[in-house]
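Asker: with the sequence up front, the predicted model follows.
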Amino acid sequence: MNDKVKEYFQQQKNLEIMADATVLGKGGDPGCGDYIELYLKIENDTILKATAMVAGCPYAIATTSAFTEMIANKSLDDAMLISGDQVATHLDGLPEEKVHCSLMGPDALRNAAHNYIMARICTPAGGKP
């Protein structure tokens, strides 16, 4: 485990349930043990805050912690462009057998964006979100 992964694992950031989240997205595979619930506070299509709950190995925890920082204060469109490769690069690389951990955040973000858009389509004018 490299120093940056170790740092994000030991000094976890944004790993908590957000009670006032605008939307929730899920990613990973609970069947294999790596799973994420991503909570987003969105205003004017900008992610003001991102937090997550994650189950999995230290790499899953580190990649999720890093991903929440990477997407905060970005437009939803810009955040959607962040790939698993970029998460891995941000962490100075991951072992090949742990690369799948870097995909959980982007997967959960796609799920959250879908939920956000569907809620906007299905909510009467003047409602939330």
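Answerer: Looks like it arrived, so ask away.

Asker: and M118, what element?
Answerer: Take DSSP states H and E as the rule and M118 turns out to sit in helix 101-122.

Asker: name the residues that touch that helix?
Answerer: For helix 101-122, contacts defined as C-beta atoms under 8 Å, 6 or more residues apart in numbering pick out 22-28, 34-38, 40, 42, 52, 54, 56-57, 59-60, 62-64, 67-68, 70-71, 76, 79-80, 82-85, 87-88, 91, 94, 128-129. Just so you know, the C-beta spots here come from the backbone N, C-alpha and C atoms, and that holds for glycine as well.

Asker: pLDDT of it, averaged?
Answerer: Confidence over helix 101-122 (mean pLDDT, whole number) is 92.

Asker: over to stretch 48-56?
Answerer: pLDDT averaged over stretch 48-56 gives 96.

Asker: start the count at 6 instead of 1 going forward.
Answerer: Noted, 6 is the first residue going forward, which turns the last one into stretch 53-61.

Asker: quick check: phi and psi on the nearest residue to H105 once chain neighbours are set aside?
Answerer: Spatially, and ignoring its direct neighbours in sequence, H105 is nearest to D39 (7.0 Å; C-beta to C-beta, 6 or more residues apart in numbering). Backbone torsions for D39, taken as degrees, to the nearest 10, come to phi -100, psi 120.
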